[in-house]
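Q: Take a look and give me a structure for this.
(chains A and B)
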Amino acid sequence: MHDIRAIRDNPAAFDAALARRGMAPVSPRILAIDEERRAMILAAEQATAEQNRTSREAGAARAAGDEAEFNRLRELLADKKAEIARLNDAARAEDQHLLDLLATIPNLPLPDVPDGANENDNIEIRRWGTPREFAFEPLEHYQIPAARGMDFALAAKLSGSRFAVLSGAVARLHRALAQFMLDLHTGEHGMTESITPVLVRPEAMYGTGQLPKFGEDSYQTTNGWWLIPTAEVTLTNSVAGEMLDAAALPRRMVAHTVCFRSEAGSAGRDTTGMLRQHQFEKVEMVAITTPDQSESEHARMTRSAETVLERLGLPYRTMLLCAGDMGAGARRTHDLEVWLPGQNRYREISSVSTCGDWQARRMNARFRPEGGGKPEFVHTLNGSGLAVGRTLIAVLENGQEEDGSVTLPEALRPWLGGKGRITAAGEMA
RNA sequence: GGACAGGUGGCCGAGUGGUCGAAGGCGCACGCCUGGAAAGUGUGUAGGCGGGGAACCGUCUCGAGGGUUCGAAUCCCUCCCUGUCCGCCA
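A: Here you go, the predicted structure:
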């Protein structure tokens, strides 16, 4: 949600920023509605003020025992009533009209976000680790003998395509990864862990920006709940409607949840393996900050995600997304792409975004500045830390050996009962 | 699923038709007191929207919407939400 005053103050800058997302200018339409809306509000309020005045006079006349005057004023009010109702309805309709339009407009890219239309225009800002030299042709994760516990046929029987059943060693590895991530973020990155619902009200989906525009990307239950596409929804909306203490910020949260995405429109992409699923698990980080904290927090959160990959010894690169490739709520996004030897390329494994006050306005999440003063909207940030299924893929592909076994990252041992590899037979050893 | 109870400001909580945006308390801000702090004490302190350079003015908001009334936090209706008890259940 955008601040109508900011648009009013500088419509050209607003349109210019949106143009970087490939959007046509909208400020003329917004300003026209806003002007109409304000005229309506003024007319309605003036009429109401007159009504209130007359009503007080009527009360006074009655108190003074002036029945004639009271009756005269009462009739006057009765006549005005319909007109006032009409003006109020019109003012409210215009106000809603503006809100509905603003709710569909994506966030403005920050100045340092590069121009560009799609992922080809993203900029690499960092690279860590060196992809391993293989003496053999590395396999994709679902081809690796050690990953035989990954069963897509069974998942298809139960649910259909784009689901996976994990059994045995891969299931345990998946669980270990999630726990390792949570322990890292809570133990070293100052985040508080939550277990949240994965079914939410529409309001929550609206707050983070999935609704009203992107409902087709998610699933809804028959009684109106939405299945979260990311724990960003629950963690971020935890502060919806709240007035937070500035001293309590930044608030850093992390949650491991299952996520659901219908992935409409990506049919045909990554159809094999568990890279892209309707249901997957993710460890999600969310930070609620004051406006002056959000920049450093974005860097910090990106580092928190990068640290997961570094501890696991997985080569990655950090991308700065171009304006055209960012999600609607983001002002700047860092994507972490992990090296997948089986695909011989880097693939997205985390996305870390700062949303400014765009979500906070939708949620009405504010804080009172230290030393008092008017409430201000908080800033919100979110990032994967990391997508668990994709991390599993990366661990399997990067650790695969010629004999079909997989050598696991040293850092995971405490979560694997001291074990360090999966045999070609699919046994933890 | 059934039966009750309830939704008031940053928080707690009073208020059952009239000048109530709303007592009181807590918190917070500023001052007094103090060597400094605590305690004590005084004053102030809701938010949104609109108008205005500003001071300020208007308007809305006591869960949401509608109704009754000259006038609604207060009465009536509908809906939403929360809690308690019962039933069921991992």
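Q: Got phi/psi on the closest residue to RNA strand B within chain A?
A: Closest residue of chain A to RNA strand B, Cβ to the nearest atom of the strand: A:G59 (3.0 Å). C-beta: built from backbone N, CA, C; applies to glycine. The phi/psi pair for A:G59 (degrees, to the nearest 10) reads phi -60, psi -40.
Q: Could you do A:A299 as well?
A: With angles defined as degrees, to the nearest 10, A:A299 sits at phi -60, psi -40.
Q: Same check on A:H185?
A: phi -70, psi -40.
Q: Burial check on it, number of neighbours?
A: 27 (other Cβ atoms under 10 Å).
Q: Check A:A164 too.
A: Count around A:A164 with other Cβ under 10 Å applied: 21.
Q: who touches the residue lying closest to it once chain neighbours are set aside in this structure?
A: Excluding its sequence neighbours, the residue lying closest to A:A164 (Cβ to Cβ, 6 or more residues apart in numbering) is A:M274, at 4.3 Å. Contacts for A:M274 were tallied using Cβ atoms under 8 Å, 6 or more residues apart in numbering; they are A:141-142, A:150, A:152, A:164, A:280, A:389, A:392-393.
Q: is it fair to say A:M274 lies in a strand?
A: No - A:M274 is assigned coil when assessed by DSSP: H, G, I helix; E, B strand; the rest coil, not a strand.
Q: Could you report the distance from it to A:A425?
A: For A:M274, the distance to A:A425 equals 20 Å [Cβ to Cβ, to the nearest Å].
Q: how about the residues of chain A that lie near RNA strand B?
A: By Cβ under 7 Å from any atom of the strand, the part of chain A that sits against RNA strand B consists of A:4-5, A:34, A:38, A:41-42, A:45-46, A:48-49, A:52-56, A:58-59, A:62-63, A:74, A:77-78, A:85, A:243, A:368, A:371-372, A:374-375.
Q: returning to that earlier point: can you pull the phi/psi pair for the residue nearest to A:A164?
A: phi -110, psi 30.
Q: per-domain residue ranges of chain A.
A: With domains defined by automatic domain parsing, chain A comprises A:4-102, A:119-422.
Q: what's the nearest residue to A:H379 if we skip its chain neighbours?
A: Nearest residue to A:H379 in three dimensions, chain neighbours excluded: A:S294, at 3.7 Å (Cβ to Cβ, 6+ apart).
Q: How far off centre is stretch A:297-316?
A: 19 Å (Cα atoms, centre = their mean, to the nearest Å).
Q: and what of stretch A:158-167?
A: 26 Å.
Q: Closest one to A:H379 out of the contacts of A:M274, please.
A: A:F280 (27.4 Å; Cβ to Cβ).
Q: Which strands and helices lie in contact with the helix or strand harbouring that closest one?
A: Per DSSP states H and E, A:F280 falls inside strand A:279-289. In terms of contacts (3 or more Cβ pairs under 8 Å, 6 or more residues apart in numbering; DSSP states H and E), strand A:279-289 is packed against helix A:169-188, helix A:232-237, strand A:251-260, helix A:294-311, strand A:379-387, helix A:388-399.
Q: so after the helix or strand of chain A with the lowest mean pLDDT, what's the next helix or strand?
A: None of the helices or strands of chain A scores lower by mean pLDDT, DSSP states H and E than helix A:67-103, at a mean of 84. Per DSSP H and E, the first helix or strand lying C-terminal to helix A:67-103 is strand A:123-128.
Q: neighbouring contacts of the helix or strand following that next one?
A: Per DSSP H and E, the first helix or strand lying C-terminal to strand A:123-128 is strand A:150-151. Residues from elsewhere that reach strand A:150-151 (Cβ under 8 Å, 6+ apart): A:141-142, A:164-167, A:170, A:274.
Q: before we move on, the earlier item: give the contact list for the residue nearest to A:H379.
A: By Cβ under 8 Å, 6+ apart, the neighbours of A:S294 are A:287, A:354, A:356, A:379, A:381.
Q: Kindly reformat the residues you listed as CSV containing pLDDT and neighbour count.
A: Below are these laid out as CSV (pLDDT from 0 to 100; neighbours: other Cβ atoms under 10 Å):
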residue, pLDDT, neighbour count
A:A287, 97, 29
A:T354, 98, 27
A:G356, 96, 22
A:H379, 95, 28
A:L381, 97, 30
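Q: got any ranges where chain A has weak pLDDT?
A: Scanning chain A with the threshold set as pLDDT under 70 gives A:264-267.
Q: residues touching the residue nearest to A:E370 when sequence neighbours are not counted, list them.
A: Distance criterion Cβ to Cβ, 6+ apart; nearest residue to A:E370, sequence neighbours excluded, is A:A246 at 4.5 Å. Going by Cβ under 8 Å, 6+ apart, A:A246 touches A:290, A:367-370.
Q: Which pair of these spans the longest distance?
A: By the measure Cβ to Cβ, A:T290 and A:R368 form the most distant pair in these, at 10.5 Å.
Q: Now the common contact residues for these two.
A: By Cβ under 8 Å, 6+ apart, the residues touching both A:T290 and A:R368 are A:246, A:376.
Q: A:L158 against A:H278, yeah?
A: No - in this structure A:L158 lies outside contact range of A:H278 using Cβ atoms under 8 Å: 12.0 Å.
Q: which of these two has more neighbours?
A: Set side by side, A:L158 and A:H278 show more neighbours around A:H278, with 17 against 10, by other Cβ under 10 Å.
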